[in-house]
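Trainee: fold the following for me, if possible:
(one chain, ligands or ions: 1)
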Amino acid sequence: MCEASVEPFLLFEHVNVARGSQRVLHDINLSIRPGENVVILGPNGCGKSTLIKTMTCEIYPLVEPGMRVRIFGRERWDLQELRRRLGVVSPELPGKPTLKTTGLDAVVSGFFSSSTLWPNLTITDEMRSKAEDALRLVEGDVLGEKLVGQMSAGQQRRVMIARALVRSNEMLLLDEPSNALDIAAQRSLRLTLRRLAQRGTGILLITHHIEDILPEIDRVIMMRDGRIVADGAKRHLLTGERLSQLFDTEVELQERNGFYSMA
Ligand SMILES: Nc1ncnc2c1ncn2[C@@H]1O[C@H](COP(=O)(O)OP(=O)(O)OP(=O)(O)O)[C@@H](O)[C@H]1O
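Mentor: This is a model prediction of the structure:
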């Protein structure tokens, strides 16, 4: 199959989004292929999280002439169905009840997009077995029995990735995944994400940590003031000069074994 015939995972045309009375995304045009690995970079408040929330239909664009949103080739989605195809890992837990849930049950709760396994839910053996597989995939087997509220931030993040993967392993959307993780937990999270990318899961990453940009990520989208100001190959865009302009501060970059860091 030639590349041009592959239906994009996401297609945004002339997307504008308001939050409150303020327009925060302006004329976003974006196409992302399934399995593509992309990082979105930009200063605080530039609209990165709003963009992700628009992709997951938590926020809707303004209905205006020329606006078009297609996700997995469709314009209309039942939210539950969309969340079954799209793995979303946000910085927060899905809700307080998650804290009293075991790691395995938290992953199973992903099938229902719920914060815990409420008594009315019907859980099948297949769901449990898929949840165990997902936990294994993030090397979180030992977390199955542990209460989420008693896990470290890094362990919770692993469980949340498994929870996102249990529904789908097509595309994983991660908003600041390494926040609040210590150096070892950040490293192990990156290894987990690299493994997933190498297996064909598309990674769409928002981060403030340059070190989070995996070697497998080859596309960089830069945002500023609610607009996409650059979108292209990592080798062209991930430079100190570009980042200095984007963040309005002097940035020097160094690259080692496919990873970048501030010099
Ligand atoms: N719940 C909200 N209600 C109203 N405005 C909001 C809300 N959340 C965000 N905004 C505004 O939308 C704009 C974009 O915010 P968003 O959180 O998408 O940026 P961001 O790039 O993800 O920021 P950060 O890097 O700090 O997480 C900002 O001007 C922000 O003040």
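
Trainee: what's the domain layout of the protein?
Mentor: Domains of the chain are assigned by automatic domain parsing as 1-72+170-182+189-263, 92-169.

Trainee: pick the most deeply packed of those.
Mentor: Highest mean neighbour count among the domains of the chain (mean count of other C-beta atoms under 10 Å): domain 92-169, with a mean of 19. (Glycine included, C-beta is placed from N, CA and C.)

Trainee: please give me every residue in contact with Arg220.
Mentor: Just to correct that, residue 220 is Val rather than Arg. By C-beta atoms under 8 Å, 6 or more residues apart in numbering, Val220 lies in contact with 38-39, 41, 213, 230-234, 237-238.

Trainee: ok, the nearest residue to Ala263 once chain neighbours are set aside - contacts?
Mentor: Computed as C-beta to C-beta, 6 or more residues apart in numbering, the closest residue to Ala263 that is not its neighbour in sequence is Glu252, at 3.8 Å. When contacts are counted by C-beta under 8 Å, 6+ apart, Glu252 touches 240, 262-263.

Trainee: which of those residues come close to the ligand?
Mentor: The residues of those that also fall near the ligand, by C-beta under 6 Å from any ligand atom, amount to none at all.

Trainee: ok, so of those residues, who is nearest Asp105?
Mentor: Proximity of the contacts of Glu252 to Asp105 (C-beta to C-beta) peaks at Met262, which lies at 39.7 Å.

Trainee: that closest one reaches Glu250, doesn't it?
Mentor: No: Met262 sits out of contact with Glu250 when judged by C-beta atoms under 8 Å, with a separation of 10.1 Å.

Trainee: follow-up on the earlier one: would you reformat the domains of the chain as JSON lines and include mean pLDDT?
Mentor: Below are those laid out as JSON lines (pLDDT from 0 to 100):
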{"stretch": "domain 1-72+170-182+189-263", "mean pLDDT": "92"}
{"stretch": "domain 92-169", "mean pLDDT": "91"}
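
Trainee: so which of those domains gets nearest Arg83?
Mentor: domain 92-169 (5.0 Å).

Trainee: how about that closest one, does it reach the ligand?
Mentor: No: counting by C-beta under 6 Å from any ligand atom, the ligand has no neighbours in domain 92-169; the shortest distance is 12.0 Å.

Trainee: let's verify the residue nearest to Pro8 when sequence neighbours are not counted: helix, strand, or coil?
Mentor: Nearest non-adjacent residue to Pro8, counting by C-beta to C-beta, 6+ apart: Ser31, 4.6 Å away. Assigned by DSSP: H, G, I helix; E, B strand; the rest coil, the conformation of Ser31 is strand.

Trainee: quick check: bridge partners of Ser31?
Mentor: Leu11 (DSSP bridges).

Trainee: give me the distance between it and Ser90.
Mentor: 24 Å (C-beta to C-beta, to the nearest Å).

Trainee: swap in Ala263?
Mentor: Ala263 is 31 Å from Ser90, where distance means C-beta to C-beta.

Trainee: gap between Ile40 and Gly232?
Mentor: Separation of Ile40 from Gly232 (C-beta to C-beta) stands at 13 Å.

Trainee: ok, Asn120 next?
Mentor: 48 Å.

Trainee: in the stretch 51-200 of the chain, which spans are helices?
Mentor: Assigned by DSSP state H, counting those that start in this stretch, the stretch 51-200 of the chain shows helices spanning 79-85, 103-108, 125-137, 153-167, 183-198.

Trainee: strands of the stretch 151-263 of the chain, residue ranges please.
Mentor: Here the stretch 151-263 of the chain has its strands, by DSSP state E, counting those that start in this stretch, at 171-175, 202-206, 219-224, 227-233, 253-256, 259-262.

Trainee: let's have these in TSV, adding distance to Arg195.
Mentor: As requested, those are arranged in TSV below (distance: least, C-beta to C-beta, whole Å):
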stretch	distance to Arg195
strand 171-175	12
strand 202-206	11
strand 219-224	20
strand 227-233	23
strand 253-256	20
strand 259-262	15
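
Trainee: which one of these lies nearest to Gly45?
Mentor: When the strands of the stretch 151-263 of the chain are compared by C-beta to C-beta, strand 219-224 sits nearest Gly45, at 9.9 Å.
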